[in-house]
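Q: okay, sequence plus prediction incoming.
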Amino acid sequence: MNIYELIKTRKSVRAFQDRDVPEDVLMKLLGAARMAPSAKNFQEWRFIIVRNSATRAKLAEAAKGQKFVAEAPVVIACCAETDWHVMSCGQLCYPIDLAIAIDHLTLAAVEEGLGACWVGAFYEDKVRDILEIPRNIRVVELLPLGYPQDSAPVEKSRLPLTAIVKREKWHD
């Protein structure tokens, strides 16, 4: 697929086949994440691969009982080892940089026939305890990953470009 097809095809997957994700494919996805740009090339992202079913079940509970988290064959805890650097525009680097890396990973997943779902509804302290993550590390997203039960495309409801694009200045 070309990049535009990947972007159009990517969807949030919450139902997975009972099928393992090969390690070499997982490493390709994480390699794609690693190639993402980051502010000052800090590369603050860190990823914890969780395959153990009991641990995935605990993560599902920490994710406010979202059962599909446990049903995915892999959950990636997307973390940041950060020094809290703030860009001159006033934004923290790590959430933006990690989002770019996760986006690279999820688009690569589509290319490999996989699906994922960004999960931000979770209790960070519980995830830290489950995965023995030090307190100085931020857990930014959980990413259940696997082969989708339904690979059919979905119609995406998006605002028209005229609603989101301004020219030269912000005006109606």
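A: Yep, it's here.
Q: please make it C-alpha for all contacts and neighbour counts, starting now.
A: Will do.
Q: tell me which helix or strand the residue lying closest to residue 103 once chain neighbours are set aside sits in.
A: Leaving aside its sequence neighbours, residue 103 sits nearest to residue 33 (CA to CA, 6 or more residues apart in numbering; 7.6 Å). Taking DSSP states H and E as the definition, residue 33 sits inside helix 23-34.
Q: how about residue 75?
A: Going by DSSP H and E, residue 75 is part of strand 74-81.
Q: identify each buried residue in the longest helix along the chain, please.
A: Longest helix in the chain by number of residues (criterion: DSSP state H): helix 93-111. Neighbour-count burial for helix 93-111 flags 93-95, 97-111 (criterion: 16 or more other CA atoms under 10 Å).
Q: between helix 23-34 and that helix, find me the angle.
A: 140 degrees (axes from the mean of the first three to the mean of the last three CA atoms, to 10 degrees).
Q: what angle separates helix 93-111 from strand 74-81?
A: 160 degrees.
Q: can I get helix 93-111 as CSV, trimmed to CA atoms?
A: Extracted in CSV, the C-alpha atoms of helix 93-111 (Å, rounded to 0.1, in the frame of the first residue of the first chain):
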residue,chain,number,x,y,z
CYS,A,93,8.3,17.2,23.9
TYR,A,94,7.5,13.7,25.1
PRO,A,95,3.8,13.4,24.4
ILE,A,96,4.2,14.8,20.9
ASP,A,97,7.3,12.7,20.1
LEU,A,98,5.7,9.5,21.5
ALA,A,99,2.5,10.2,19.5
ILE,A,100,4.6,10.4,16.3
ALA,A,101,6.3,7.2,17.1
ILE,A,102,3.1,5.4,17.9
ASP,A,103,1.6,6.7,14.6
HIS,A,104,4.5,5.3,12.7
LEU,A,105,4.0,1.9,14.5
THR,A,106,0.3,1.8,13.8
LEU,A,107,0.7,2.6,10.1
ALA,A,108,3.4,-0.1,9.8
ALA,A,109,0.9,-2.5,11.6
VAL,A,110,-1.6,-1.9,8.8
GLU,A,111,1.0,-2.7,6.2
